[in-house]
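K.L.:
Quick one: sequence plus predicted model below, questions after.
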Amino acid sequence: MKILVTGGAGFIGSHLVDRLLERNNRVVCVDNFILGRREHLKDAMENPNFSLHELDLLELDKLDELFDQENFDAVFHLAANSDIRAGTESTERDLKLTFMTSYHVLECMQRYDVKKILFASTGAIFGDREERLKEESVALPESLYGASKLASEAFIYAFSGLYDIQAWICRFPNVVGDRSTHGIIFDLLEKLDGDPANLEVLGDGKQSKPYMYVHELIQALLYIFENADEKINVFNIGPSDQTSVAEIAQLVLEGYGAKQEIMYTGGTQGWKGDVPRYEYDTQKLQKLGWGPPTTSFEAVRLAVRKVIETR
Ligand SMILES: NC(=O)c1ccc[n+]([C@@H]2O[C@H](COP(=O)([O-])OP(=O)(O)OC[C@H]3O[C@@H](n4cnc5c(N)ncnc54)[C@H](O)[C@@H]3O)[C@@H](O)[C@H]2O)c1
């Protein structure tokens with residue numbers, strides 16, 4: 001298959017590019033490098049089945065030209081604003097980077113008759129909910145990031161019906177692992193580098209979410225893409241347990257070899273717009289035949305080690 005991966009120089013996108021190339025696909029990556037890194041694509045650049053286009057998805061004309069030149073079989077759309085906190089400081093950031101990028105991808109798919117899209121969605125669409133979240137649970141996002149992902153899902157539904165596009169909407173949990181350039185493990189390590197005397201942790205440490213190692217997430221995405229065959233396939237992906245921020249801070253301190261006191265800033269939310277806890281119901285994915293080999297806690301432990309080794 002010839003697959004367009006948007007955001008392919010990012011943390012998750014670059015791992016996805018590597019796995020797709022291993023499976024002998026032809027992969028075209030688009031990234032504008034606002035958050036992605038060229039070194040993530042070091043191995044891919046040596047593969048003749050790979051090409052990289054430094055392009056901003058907000059420039060519709062340029063994206064149109066690319067779709068015109070290439071004959072894509074599918075799009076894996078991962079480009080977005082992954083800096084959720086930055087998206088609470090500017091109300092435009094997620095509208096453009098998380099929603100308009102999706103709209104432009106769909107618009108070009110419609111123009112050039114590309115029939116398959118896998119979309120990187122998120123638990124942030126649901127907001128702060130008490131229940132274990134099923135695929136059909138009511139979504140009430142608290143961040144503009146969550147709202148923009150939910151709006152992208154809605155556009156995918158409408159484009160799918162109007163232009164006969166098959167869609168795989170995958171709601172990721174918190175993803176951890178090597179090549180991450182953001183997220184809690186990365187942030188805590190940066191803080192320790194800056195002030196090895198204290199470790200400041202946002203919130204009360206009780207925020208608790210499901211974490212998955214990036215390689216397992218990619219396995220899940222490819223499994224869903226290859227095995228779910230409805231017109232629109234929606235899946236919540238994650239382990240069945242959660243890990244608290246306090247547990248993660250402790251694992252980071254141990255991994256860093258530091259003995260600092262952890263200073264919690266207090267409050268139930270890490271920052272405005274943060275969802276302090278969520279739990280996925282992943283029965284639908286299990287019925288399809290896939291469950292993650294490791295728990296959330298093990299994923300975090302492994303990621304702390306890998307991020308420290310590779311930074
Ligand atoms: N990391 C997580 O825990 C997590 C959780 C849920 C969902 N997701 C979703 O998975 C996807 C990948 O996340 P990630 O953690 O790898 O983030 P990332 O920031 O590493 O990757 C996103 C990539 O998109 C690129 N990009 C952004 N705007 C662009 C634009 N206008 N044009 C071209 N490229 C653009 C960035 O440069 C970056 O390389 C995102 O859609 C994110 O919302 C991630």
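P.N.:
Arrived safely.

K.L.:
And stretch 3-17, end to end?
P.N.:
Stretch 3-17 stretches 9 Å from its first residue to its last (Cα to Cα, to the nearest Å).

K.L.:
how about that stretch: buried residues?
P.N.:
3-17 (16 or more other Cβ atoms under 10 Å). Where C-beta positions appear, they are placed from N, C-alpha and C, glycine not excepted.

K.L.:
same thing with stretch 35-48?
P.N.:
The neighbour-count check on stretch 35-48 (16+ other Cβ under 10 Å) flags L35, G36, H40, L41, A44, N47 as buried.

K.L.:
Endpoints of it, how far apart?
P.N.:
Span of stretch 35-48 from end to end, Cα to Cα: 25 Å.

K.L.:
pLDDT of that stretch, averaged?
P.N.:
Here stretch 35-48 scores 97 as its mean pLDDT.

K.L.:
residues contacting the closest residue to K272 other than its chain neighbours?
P.N.:
Excluding its sequence neighbours, the residue lying closest to K272 (Cβ to Cβ, 6 or more residues apart in numbering) is T88, at 5.5 Å. T88 makes contact with S143, L144, W271, K272, G273 under the criterion Cβ atoms under 8 Å, 6 or more residues apart in numbering.

K.L.:
Tell me the buried residues within the residues you listed.
P.N.:
Members of these classed as buried by 16+ other Cβ under 10 Å are S143, L144, G273.

K.L.:
and the stretch 101-250 of the chain, which residues reach the ligand?
P.N.:
By Cβ under 6 Å from any ligand atom, the residues of the stretch 101-250 of the chain that approach the ligand are T101, A120, T122, F172, N174, V175, T181, G183.

K.L.:
In these, find the pair that's most separated.
P.N.:
T101 and N174 (21.3 Å; Cβ to Cβ).

K.L.:
Just checking stretch 267-274 against the ligand, any contact.
P.N.:
No. Figure legend: stretch 267-274 not in contact with the ligand (Cβ under 6 Å from any ligand atom); closest approach 12.8 Å.

K.L.:
What distance do you get for Q250 to the ligand?
P.N.:
20 Å (Cβ to the nearest ligand atom, to the nearest Å).

K.L.:
Now do the SS call for that residue.
P.N.:
Here Q250 takes the helix state, with states given by DSSP: H, G, I helix; E, B strand; the rest coil.

K.L.:
for it, what are its contacts?
P.N.:
So Q250 contacts I262 (Cβ under 8 Å, 6+ apart).

K.L.:
And for L285?
P.N.:
If you count contacts by Cβ under 8 Å, 6+ apart, L285 has them with A220, I224, F235, N236, I237, G291.

K.L.:
Taking the residues you listed, please make a PyMOL selection of just the buried ones.
P.N.:
In PyMOL syntax, the buried subset of those is picked out as below (16+ other Cβ under 10 Å):
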select buried, resi 220+224+235+236+237
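
K.L.:
ok, the contacts of L285 vs E65, which is closest?
P.N.:
Nearest to E65 among the contacts of L285, with distances taken as Cβ to Cβ, is I224, at 30.6 Å.

K.L.:
hang on, isn't the closest one packed against E230?
P.N.:
No. Contact criterion Cβ atoms under 8 Å: I224 and E230 do not qualify, at 10.9 Å.

K.L.:
What distance separates the opening and closing residues of stretch 64-84?
P.N.:
First-to-last distance for stretch 64-84 - Cα to Cα - comes to 28 Å.

K.L.:
circling back to that earlier point, list just the nearest of the buried residues of stretch 35-48 to the ligand.
P.N.:
For those, the minimum distance to the ligand (Cβ to the nearest ligand atom) is 2.4 Å, reached by G36.

K.L.:
For the residue nearest to that closest one when sequence neighbours are not counted, give its distance to S148.
P.N.:
Excluding the flanking residues, the one nearest G36 by Cβ to Cβ, 6+ apart is A9, at 2.9 Å. For A9, the distance to S148 (Cβ to Cβ, to the nearest Å) stands at 21 Å.

K.L.:
now do A79
P.N.:
12 Å.

K.L.:
Same check on R19?
P.N.:
R19 is 26 Å from S148, by Cβ to Cβ.

K.L.:
ditto for G123
P.N.:
14 Å.

K.L.:
out of those two, which sits in the busier spot?
P.N.:
Taking other Cβ atoms under 10 Å, G123 and S148 do not tie; S148 has more neighbours (27 against 24).

K.L.:
Now tell me which helix or strand of the protein has the poorest mean pLDDT.
P.N.:
helix 86-89 (a mean of 81; mean pLDDT, DSSP states H and E).
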